[in-house]
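Enquirer: please work out how this folds:
(chains A and B)
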Amino acid sequence: MSKVKVLGFWYSPFVARVKMALKMKGVEFEYVEENIRAKSELLLESNPIHKKVPVLIHDGKAIVETMIILEYIDQTWEGPPILPRDPYHRAMARFWVNFIDEKCLNTMLKACWRTGEEQEKWKEEAILNFQILENEIKGKKYFGGDEISVVDHAANFIAYWFPLISWGRMELVTEDQFPNLWRWSSHYCNHPFVKDNLPPMDVMIPKFKPA
Amino acid sequence: MSEVKLFGAWFSPYVKRVEMALNLKGVEYEYIEEDLKNKSPLFLQYNPITKLVPVLVHNGKPIFESTVILEYIDETWEGPSIFPKDPYDRAMSRFWAKFVEDKCSDPLWKACWAAGEEREKAKKEAEEALKILENEIKGKKFFGGDNIGLVDYVANYIAFWIPLLQDVVGFHILTQDKFPNIWKWCYELCNDSFVKKNLPEKEKVSSGLKRAVETGSLY
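Expert: I've put the predicted structure just below:
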């Protein structure tokens, strides 16, 4: 029986981050594809409170929530660091991941899925959050500097998934308004390690493109 | 010049948890009270991003977000631990801290300030989450076990501020009847000799909340 299991959905940006982290550390793991409409007993037992993926199971113990899993992976296995080793840079990485996950992602999704006046309100807030990110990436190749980092992976949603979800609905991260984020997206998606680990675009498009 | 500065607001649970962590480690720091209606240029220079307290400045470098600061403090200074050392226990602490913040504190706060349908919705959310938390604290003195840990720090909001707010607005979700284990933990935490020294005055907080309810503004 595999010592390390990951429960996930193939199209999830959160699951992608966990798989990438394990690969960075050279950890062998068994990947289990879950069905969102028929979640397995293992998933429901491992994450009874949120019932969500990703779930990392290591030696029979379940760890949930993407960033919590990444921190666990970093502490448990040797290899290239997922978070910066310096305490200050590590704190800043944690801050930015939290900002991207809690603020950017949330407002982006609401801007996409709500309608009318509510949508406008969330769109405005999403734009403000993107402006903060735009400012942060200015003059840098990646959020991590010259090297790709945990913050870049947290923003994978913006680089890769969001253009698919917003397809035909509206464009939030336009090249005009956010040239630095646009440039970063291109660097991120073309990074060899990322390219090897993202689901192929031709499979993603039918999944997300509205009928 | 002080090596460690903390920008805060006296009534903030987020600030208090950071102060508690610094005091736990015996770190000397300069505390700067910020007027949140009129933030100082120095403060905005250190935190132009969220413009919120607390902000810890260590050797000129600012760190923000209370849980990020707590982790930084635990990693930087010797002394009693806030986070468990074992990676799995650490992960579980992080999980419960996030659960408390997102699923309990937030809806409890919202329910007290909202009205009508919005209040009922927040109340339902809070009650569902508190049922889970009630189970988690069963048989334990603190969420951290015999000693306070990360989850207790983050749940300071529920232990001290929420009961006061509930009394001020006259709307009670967290009660001894419904959640006897959490209620007992609130008492243990607020009366712990170390935690007690790191909480603001009850009457001062209550008056502040009453004023906020009357004026419709928190600051």
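Enquirer: now do the SS call for residue B:210.
Expert: helix (DSSP: H, G, I helix; E, B strand; the rest coil).
Enquirer: and it, what does it touch?
Expert: residue B:168 (C-beta atoms under 8 Å, 6 or more residues apart in numbering or on different chains). Quick note: C-beta positions are derived from backbone N, CA and C, even for glycine.
Enquirer: residue numbers of chain A in contact with chain B?
Expert: Within reach of chain B by C-beta under 8 Å from any C-beta of the partner chain, chain A has these residues: A:49, A:58, A:61, A:63-65, A:68-69, A:71-72, A:75-76, A:87-88, A:90-92, A:94-95, A:98-99, A:132.
Enquirer: among those, which ones are buried?
Expert: By neighbour count, with 16 or more other C-beta atoms under 10 Å in any protein chain shown, the residues of chain A next to chain B hold A:58, A:63-65, A:68-69, A:71-72, A:76, A:87-88, A:90-92, A:94-95, A:98-99, A:132 as buried.
Enquirer: filter the residues you listed down to the ones in helices?
Expert: A:68-69, A:71-72, A:76, A:87-88, A:90-92, A:94-95, A:98, A:132 (DSSP state H).
Enquirer: okay, those residues in TSV with pLDDT and distance to residue B:70 next?
Expert: Formatted as TSV, these follow (pLDDT from 0 to 100; distance: C-beta to C-beta, whole Å):
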residue	pLDDT	distance to residue B:70
A:68	98	15
A:69	98	20
A:71	97	14
A:72	98	18
A:76	96	21
A:87	95	12
A:88	96	15
A:90	97	13
A:91	98	10
A:92	97	15
A:94	98	11
A:95	97	12
A:98	95	13
A:132	95	23
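Enquirer: kindly indicate which of these lies nearest residue A:11.
Expert: Distance to residue A:11 across those (C-beta to C-beta) is lowest for residue A:69, with 18.0 Å.
Enquirer: list the contacts for the closest one?
Expert: A:18, A:21, A:54, A:56, A:63, B:91.
Enquirer: these in helices, which ones?
Expert: A:18, A:21, B:91.
Enquirer: so the first one touches residue A:54, yeah?
Expert: The one in question is residue A:18. Yes - with contacts defined as C-beta atoms under 8 Å, residue A:18 counts as touching residue A:54 at a distance of 4.5 Å.
Enquirer: which neighbours do these two share?
Expert: In contact with both residue A:18 and residue A:54: A:6, A:8, A:66, A:69, using C-beta under 8 Å, 6+ apart.
Enquirer: so which of those residues is the most crowded?
Expert: Compared across the shared contacts of residue A:18 and residue A:54, residue A:69 has the highest neighbour count, 25 neighbours, by other C-beta atoms under 10 Å in any protein chain shown.
Enquirer: excluding covalently adjacent residues, which one is nearest to it?
Expert: The shortest distance from residue A:69 to any non-neighbouring residue, by C-beta to C-beta, 6 or more residues apart in numbering or on different chains, is to residue A:56 (4.7 Å).
Enquirer: what's around the one you found, how many residues?
Expert: 28.
Enquirer: residue B:10 too?
Expert: Residue B:10 has 15 nearby residues by other C-beta under 10 Å.
Enquirer: now it, what's its secondary structure?
Expert: coil.
Enquirer: quick one, what contacts it?
Expert: With C-beta under 8 Å, 6+ apart, residue B:10 has these contacts: B:33, B:200, B:204.
Enquirer: out of these, the closest to residue B:110 would be?
Expert: residue B:200 (22.0 Å).
Enquirer: and the closest one, how far is that from residue A:204?
Expert: 51 Å (C-beta to C-beta, to the nearest Å).
Enquirer: check residue B:141 too.
Expert: Counting by C-beta to C-beta, the gap from residue B:141 to residue A:204 is 50 Å.
Enquirer: then residue A:4?
Expert: 26 Å.
Enquirer: you'd agree residue B:206 is in a helix?
Expert: Yes - counting by three-state DSSP, residue B:206 is located in a helix.
Enquirer: what would the contacts of residue B:10 look like in JSON lines with distance to chain A and pLDDT?
Expert: Below are those laid out as JSON lines (distance: C-beta to the nearest C-beta, whole Å; pLDDT from 0 to 100):
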{"residue": "B:33", "distance to chain A": "23", "pLDDT": "97"}
{"residue": "B:200", "distance to chain A": "26", "pLDDT": "95"}
{"residue": "B:204", "distance to chain A": "30", "pLDDT": "95"}
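Enquirer: most neighbours, which of the residues you listed?
Expert: Going by other C-beta under 10 Å, residue B:200 tops the contacts of residue B:10 with 18 neighbours.
Enquirer: pairing partners for residue B:31 in the sheet, please.
Expert: residue B:6 (DSSP bridges).
Enquirer: ok, now which ones touch it?
Expert: B:5-6, B:8, B:19.
Enquirer: which of those ranks first by neighbour count?
Expert: residue B:6 (22 neighbours).
Enquirer: isn't that residue up against residue B:54?
Expert: Yes - counting by C-beta under 8 Å, residue B:6 does reach residue B:54; the two are 6.1 Å apart.
Enquirer: stretch A:124-136: which residues count as buried?
Expert: Neighbour counts over stretch A:124-136 (16+ other C-beta under 10 Å) mark A:125-127, A:129-130, A:132-134, A:136 as buried.
Enquirer: let me know the secondary structure of residue B:200.
Expert: Taking three-state DSSP, the label given to residue B:200 is coil.
Enquirer: now do the nearest residue to residue B:13 once chain neighbours are set aside against chain A, distance only.
Expert: Among residues not flanking residue B:13 along the chain, residue B:157 sits closest, at 4.3 Å (C-beta to C-beta, 6+ apart). Look at residue B:157 and chain A: by C-beta to the nearest C-beta, to the nearest Å, they are 17 Å apart.
Enquirer: any low-confidence regions in chain B?
Expert: B:1-2, B:219 (pLDDT under 70).
Enquirer: rerun that using 80 as the cut-off
Expert: Low-confidence segments of chain B, defined by pLDDT under 80: B:1-2, B:217-219.
Enquirer: now do chain A
Expert: A:1-2, A:112-113, A:161-173, A:200-202, A:204-211.
Enquirer: show me where it has helices.
Expert: With DSSP H as the criterion, chain A has helices spanning A:13-24, A:41-46, A:66-76, A:87-98, A:106-113, A:116-137, A:150-154, A:156, A:162-165, A:179-190, A:192-197, A:201-208.
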